[in-house]
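# predicted model and sequence below, questions to follow.
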Amino acid sequence: MDRQRLERALEDEFGGTEAERRAVSRAARDLVDSGRPSEDRGHGLTVTGVIGHLEDAPDRSSLIERWNWWMGALDAAYGGYDYFTVRFVEGDEATGLRR
């Protein structure tokens, strides 16, 4: 998955700060590299697929909340996805998720 393409799509669809988009795209890349989506769901992760799943999150959710909501759903279904949640956004004063 192309992280830059994902970051652009995240900005277009959900906004958020640059640091938030970078954190989510990094987590998505880590998820792809883990092979979990292919093993658990039978197909790889795509930019379009990520955007679609994040759109299913509750209305008015931030980008980070949307990502973590989806990871929570995957964790409930398959286990082991909590590792891919975004716990902090480094260097982003606009979000409450920091180190």
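The structure has been received and is ready for your questions. Numbers count the residues shown, from 1 in each chain.
# so which residues of the protein form helices?
Assigned by DSSP state H, the helices in the chain fall at 3-14, 18-34, 36-41, 47-55, 63-78.
# would you turn those into TSV with mean pLDDT?
Shown next, in TSV, are the helices of the chain (pLDDT from 0 to 100):
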stretch	mean pLDDT
helix 3-14	97
helix 18-34	97
helix 36-41	94
helix 47-55	97
helix 63-78	97
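# including distance to F84 and mean neighbour count, could those helices go into a markdown table?
C-betas here are computed from N, CA, C, even on glycine. Output for these, formatted as a markdown table (distance: least, Cβ to Cβ, whole Å; neighbours: other Cβ atoms under 10 Å):
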| stretch | distance to F84 | mean neighbour count |
| --- | --- | --- |
| helix 3-14 | 14 | 16 |
| helix 18-34 | 5 | 18 |
| helix 36-41 | 8 | 15 |
| helix 47-55 | 12 | 16 |
| helix 63-78 | 5 | 18 |
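# nearest to E90, of these?
E90 sits nearest to helix 18-34 of all the helices of the chain, at 6.9 Å, using Cβ to Cβ.
# what's in contact with the closest one?
With contacts defined as Cβ atoms under 8 Å, 6 or more residues apart in numbering, helix 18-34 is touched by 1, 3-4, 6-7, 10-11, 16, 37, 44-45, 50, 62-64, 67, 71, 81, 84-86, 88-92, 94-95.
# brilliant, that's me finished.
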